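Sequence and computational prediction follow.
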Amino acid sequence: MSDSEKASRRIKSQLDSFAQTPIHDKGLFQIVLSCLPMPYLLVDTDERVLQTNQACLDMLKIDGSVESCCGKSLSEVFYNDPSHPTVVGRSIQENKIFRDIEVPTSDHHGIELHIVANVFPLYDLNKDCIGGMCIYVDTTESKRTEEALERRMVALTRPLEDTEGIQFEDMFNLTDIQRLQDEFANATRVASIITRPDGTPITNPSNFCRLCSDIIRKTEKGQANCFRSDAMLGQLSVSGPTIRPCMSGGLWDAGAGISVGGRHIANWLIGQVRDASQNEKQMRDYAKRIGADEDEVVEAFREVPSMTPESFRQIAQVLFTLTKQLSSMAYQNIQQARFISDRKQAENAIKLSEARFKKLFDNVDSVAVQGYDRDRKVIYWNNASEKIYGYKKNEAIGVHLEDLIIPPDMRPHVVEAIRQYAEEGKAIPAGELNLMRKDGTSVPVYSSHVMQTTGHGDLELFCLDIDLTELDAVKQELISAKDKAEASNKAKSEFLANMSHEIRTPLNGILGMLQLLEKTEPSDEQKEYLLGAIKSSKRLTRLLSDILDLSKIEAKQTIIDEVEFDIEEMTQSICDVFLLSIKEHGLILNVALDKKIPRRLVGDETRLRQILFNIVGNAIKFTPEGSISVEISLLPCPVEQSCRIFISVSDTGIGIPDDRQKDILEPFTQVDGSYVRSKQGAGLGLAIVKRLVSLLGGSLCIDSEIGKGTTFYVVLQFNFATTTRTDNEYVKPTTENEISPGLNILVVEDEQINRIVACKTLNKLGCKTTMAVDGKNALAKLAKSDFDLILMDIQMPVMDGVAATKSIRSAPEFVSKSNIPIIAMTAHAMLGDRETFLEAGMDDYVSKPFSKQELIDAIARVTMKKS
């Protein structure tokens with residue numbers, strides 16, 4: 001046997017001996033127990049009842065003696081359920097006293113009880129726990145009274161419009177009303193009852209005759225007729241009582257309604273009076289209709305007292321006066337109840353608010369709250385004030401504000417500011433202050449102040465201080481991090497711009513030389529090599545553009561360019577771009593543009609074109625056979641002078657697996673990520689689409705099925721344009737023959753290869769060219785000669801293209817030539833660069849490496865604009 005088991009048996013033995021010891025030997029504790037008037041239970045550590053009293057048995061309605069409860073479990077005695085957990089078990093296990101806790105239960109007859117218990121463990125002289133004690137107070141009756149009063153108060157204080165919330169029983173004490181009804185019935189010798197508006201009774205009937213109570217109302221039809229008749233009699237009337245024969249046809253009845261605030265809540269009915277003209281034949285007919293015994297009805301009818309109509313009307317008028325008084329009393333009861341309730345609610349709300357905010361201010365650890373009286377002595381000091389300023393509450397209470405936390409040089413100003421606040425109402429503005437800790441060190445705080453007047457007329461000033469020490473440190477860290485991020489972004493932008501220039505410049509030379517070589521009548525084999533080299537160069541150009549565009553979008557440096565454009569022209573241009581590629585792949589391209597869409601819209605045409613270009617290009621790449629369909633339709637738009645367009649691009653290609661559809665919109669991702677993938681590309685096109693759609697405030701989603709194809713859905717919003725254009729205004733790409741022959745063009749380019757490419761290309765188009773190596777050289781040549789247009793590189797030594805353009809547009813010496821067309825010819829090809837160059841005064845833009853066709857189109861645009 002273990003030591004714990006031996007100790008347990010020893011304690012149980014002590015308790016058993018204790019319970020069996022005669023009263024005069026149990027000592028002072030046992031004498032006290034025998035004198036306790038309230039119910040109690042004494043248990044051992046196993047929660048087995050050792051002792052109780054008759055008061056406990058009476059409270060729980062236990063049939064049996066005190067001795068019969070001893071030895072049973074506490075749960076069985078108190079809850080009549082051996083498995084129910086008890087508070088005394090927790091008290092014994094936790095060595096804890098529980099005071100005034102509610103322990104709801106039911107007596108042994110099933111009636112709900114409300115019990116308040118005080119529970120505590122018991123110890124022997126060795127301070128070992130040997131059991132527990134429960135002392136009970138039965139609060140059932142007081143609880144029921146409180147609940148009844150609460151229900152009545154709730155009903156009385158509901159809005160009058162809420163009919164269901166106001167009942168007759170809530171207005172009056174039914175015992176008093178029953179006594180009043182009985183006295184009225186006995187004095188007037190009439191039957192009387194108070195019912196609800198629907199006729200169901202509230203009070204017990206007074207002076208009801210045997211005919212009504214024992215015969216007619218005992219039948220189903222008779223009782224229903226009585227209820228309907230009672231409801232009709234009690235209809236609310238302000239002019240007088242309602243008097244009419246009851247539905248039995250043999251008796252006279254009268255009634256008056258009782259109201260509160262215009263709401264009908266009860267009927268007071270009198271009657272069961274026989275008129276001399278009424279006969280027994282009518283009663284027999286009525287008995288047949290309701291299924292009652294005819295002879296019994298006639299015999300009971302003879303017992304009904306008779307009264308003249310005039311006498312009955314006088315009694316009914318007295319009843320009407322009495323119901324008016326009851327209605328008035330009911331309304332007064334509501335008003336008084338509301339007044340009491342409102343005042344009580346207001347008082348409770350104030351107390352609750354004060355307690356809530358005191359607890360909040362006491363425990364909030366980030367806001368130091370101090371209260372001061374009119375003399376600036378501390379009356380309140382919360383925990384956060386102790387933490388920030390170093391003074392304990394008992395050190396601060398009663399001490400002047402300026403002697404605690406105000407630095408010496410600020411004290412006169414603070415004292416004067418508080419005086420002005422108290423005497424003149426001049427509020428102290430909130431702001432940052434450097435106050436003083438107990439150790440004399442400075443602490444930065446943000447301080448705000450509130451002055452209030454107590455119910456006794458005393459002024460109190462409350463200060464709320466927030467410690468800014470950590471915030472200042474975080475602010476400095478944020479500023480430093482922001483500076484580093486901005487420096488990093490600037491370095492990234494400069495790197496991308498330089499990379500763009502350094503890669504595109506030689507690439508332009510390569511592509512240009514290849515295109516010039518293509519015009520030298522090469523052999524078929526050489527043509528094959530040239531086409532391959534040109535194709536690879538263009539692919540490299542697209543890859544570079546995608547990388548730079550994505551980088552600028554992610555750096556949030558992309559600017560939305562709101563311009564007027566023709567959506568039909570833009571759509572046709574997309575078709576033209578992919579026409580050759582569609583034929584090479586043996587595909588069909590279907591394009592449908594909703595005619596409801598206005599042709600002229602305002603928005604970022606460049607971004608929209610790029611979105612469509614990337615999605616359609618992606619569809620061609622991954623569609624081995626079949627077709628590609630582009631549909632642009634109109635959606636409803638809640639914004640005036642705007643429209644929402646719905647774009648769907650679907651293909652019959654390879655499809656995208658469900659688990660890859662989310663990833664496909666991320667950079668450098670393709671469906672086929674293996675080493676043997678069949679399609680070329682870096683996987684940037686759709687990533688750019690996703691970011692551009694988001695940048696334009698639109699939405700994008702994908703629907704795809706493996707082996708059947710993919711559909712991209714895009715929704716974008718544009719504004720209506722203020723101008724209109726004809727239906728046949730689409731401008732097709734310019735041909736070589738459409739450029740005016742003999743154009744005199746100044747080519748400004750610092751790279752020799754690119755100068756040669758540009759000049760040779762223009763010469764083959766029939767143009768005359770002059771070279772300049774930088775912006776300064778260009779200005780010198782322009783000053784001496786006349787030119788029809790200028791091809792201007794952007795990044796050059798000595799003077800760049802932007803500076804040269806601004807000089808041409810604004811310098812006095814170039815007034816006569818300030819309108820000369822200037823085309824930017826640049827390797828700076830990131831999104832937003834075009835807008836920058838146009839704002840600088842340039843007329844158009846070609847991005848290196850440019851094709852011959854791109855150069856032709858740009859020249860045609862600016863020369864036609866000039867003409």
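Looks like it arrived, so ask away. Residues are numbered from 1 along each chain as shown.

Can I take it that Asp750 is in a strand?
No. Asp750 is assigned coil when assessed by DSSP: H, G, I helix; E, B strand; the rest coil, not a strand.

For the nearest residue to it once chain neighbours are set aside, list the residues it contacts.
Closest residue to Asp750 apart from its sequence neighbours, by Cβ to Cβ, 6 or more residues apart in numbering: Met796 at 4.3 Å. C-betas here are computed from N, CA, C, even on glycine. Neighbouring residues of Met796 by Cβ atoms under 8 Å, 6 or more residues apart in numbering: Val748, Glu749, Asp750, Val773, Asp774, Gly775.

Among those residues, find the one with the greatest number of neighbours, please.
Among those, Val748 has the most neighbours (other Cβ atoms under 10 Å), with 29 neighbours.

Tell me which residues touch that residue, please.
Val748 touches 772-775, 777-778, 790-793, 796, 801, 804, 825, counting by Cβ under 8 Å, 6+ apart.

Tell me the bridge partners for it.
Ala772, Met792 (DSSP bridges).

Of the contacts of Met796, which is the nearest to Ser851?
Nearest to Ser851 among the contacts of Met796, counting by Cβ to Cβ, is Glu749 at 16.7 Å.

what's the most distant pair in the contacts of Val748?
Across these (Cβ to Cβ), the longest gap, 15.2 Å, separates Asn777 and Met825.

Need the three-state assignment for Tyr845.
Quick answer, by three-state DSSP: Tyr845 is strand.

Help me confirm that it comes into contact with Ile822.
No. Counting by Cβ atoms under 8 Å, Tyr845 does not reach Ile822; the two are 10.1 Å apart.

More neighbours: which of Asn777 and Met825?
Met825 (26 against 18).

and that one, bridged to which residues?
Beta-bridge partners of Met825, as defined by DSSP bridges: Asp793, Val846.

same deal with Asn744?
Note on Asn744: beta-bridge partners by DSSP bridges are Lys768.

Tell me which residues touch it, please.
Cys767, Lys768, Thr770, Ser785, Asp786, Phe787, Asp788.

could I get those residues as a markdown table with distance to Pro636?
Compiled in a markdown table, the contacts of Asn744 are given as follows (distance: Cβ to Cβ, whole Å):
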| residue | distance to Pro636 |
| --- | --- |
| Cys767 | 51 |
| Lys768 | 56 |
| Thr770 | 57 |
| Ser785 | 59 |
| Asp786 | 56 |
| Phe787 | 53 |
| Asp788 | 50 |
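
got the buried residues for the helix or strand encompassing Pro444?
Element membership of Pro444, judged by DSSP states H and E, is strand 442-453. Across strand 442-453, burial judged by 16 or more other Cβ atoms under 10 Å covers Val443, Val445, Ser447, Ser448, His449, Met451.

Pull the number of nearby residues for the nearest residue in space to the fourth one that is not next to it in sequence.
The one in question is Ser448. Ranked by Cβ to Cβ, 6+ apart and with sequence neighbours excluded, the top spatial neighbour of Ser448 is Ala430, at 3.7 Å. A count of nearby residues for Ala430, using other Cβ under 10 Å, gives 11.

I'd say Ala430 and Val450 touch.
No. Ala430 is beyond contact range of Val450, at 10.0 Å (criterion: Cβ under 8 Å).

Mutual contacts of those two, please.
Joint contacts of Ala430 and Val450 (Cβ under 8 Å, 6+ apart) do not exist.

Assign a three-state SS to the residue nearest to Asp750, would you?
Going by three-state DSSP: Met796 is coil.

do the same with Asn754
Assignment for Asn754 (three-state DSSP): helix.

is it true that it touches Ile510?
No. Using Cβ under 8 Å, Asn754 is not in contact with Ile510, being 10.1 Å away.

and the two? which has more neighbours close in?
Asn754 (24 against 17).

host element of the nearest residue in space to Lys708 that is not next to it in sequence?
Sequence neighbours aside, Gly655 is the residue nearest to Lys708 in space, at 5.8 Å (criterion: Cβ to Cβ, 6+ apart). Using DSSP H and E, Gly655 sits within no helix or strand.

Rounded mean pLDDT for the strand holding Pro444, please.
Averaging pLDDT along strand 442-453 gives 87.

Report all helices and strands that that strand contacts.
If you count contacts as 3 or more Cβ pairs under 8 Å, 6 or more residues apart in numbering; DSSP states H and E, strand 442-453 packs onto helix 383-389, helix 411-424, strand 431-436, strand 459-467, helix 469-518.

Let's see that strand as PDB, backbone CA atoms only.
What follows is strand 442-453, C-alpha atoms only, in PDB (Å, rounded to 0.1, in the frame of the first residue of the first chain):
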ATOM      1  CA  SER A 442      13.900  63.900 -20.700                       C
ATOM      2  CA  VAL A 443      11.100  61.900 -22.300                       C
ATOM      3  CA  PRO A 444       9.400  63.000 -25.500                       C
ATOM      4  CA  VAL A 445       5.500  62.700 -25.400                       C
ATOM      5  CA  TYR A 446       2.500  63.700 -27.400                       C
ATOM      6  CA  SER A 447       0.200  65.300 -24.900                       C
ATOM      7  CA  SER A 448      -3.400  66.300 -25.100                       C
ATOM      8  CA  HIS A 449      -5.600  67.800 -22.400                       C
ATOM      9  CA  VAL A 450      -9.200  67.800 -21.300                       C
ATOM     10  CA  MET A 451     -10.900  70.000 -18.700                       C
ATOM     11  CA  GLN A 452     -14.100  68.900 -17.000                       C
ATOM     12  CA  THR A 453     -16.400  70.000 -14.200                       C
END
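
Sheet-wise, list the partners of that strand with their directions.
strand 431-436 (antiparallel), strand 459-467 (antiparallel).

tell me the most buried of those?
Sort the strands paired with strand 442-453 by mean neighbour count, taking mean count of other Cβ atoms under 10 Å, and strand 459-467 sits at the top with a mean of 19.

now the angle from it to helix 411-424?
Relative orientation of strand 459-467 and helix 411-424, computed by axes from the mean of the first three to the mean of the last three Cα atoms, to 10 degrees: 130 degrees.

Nothing else from me, thank you.
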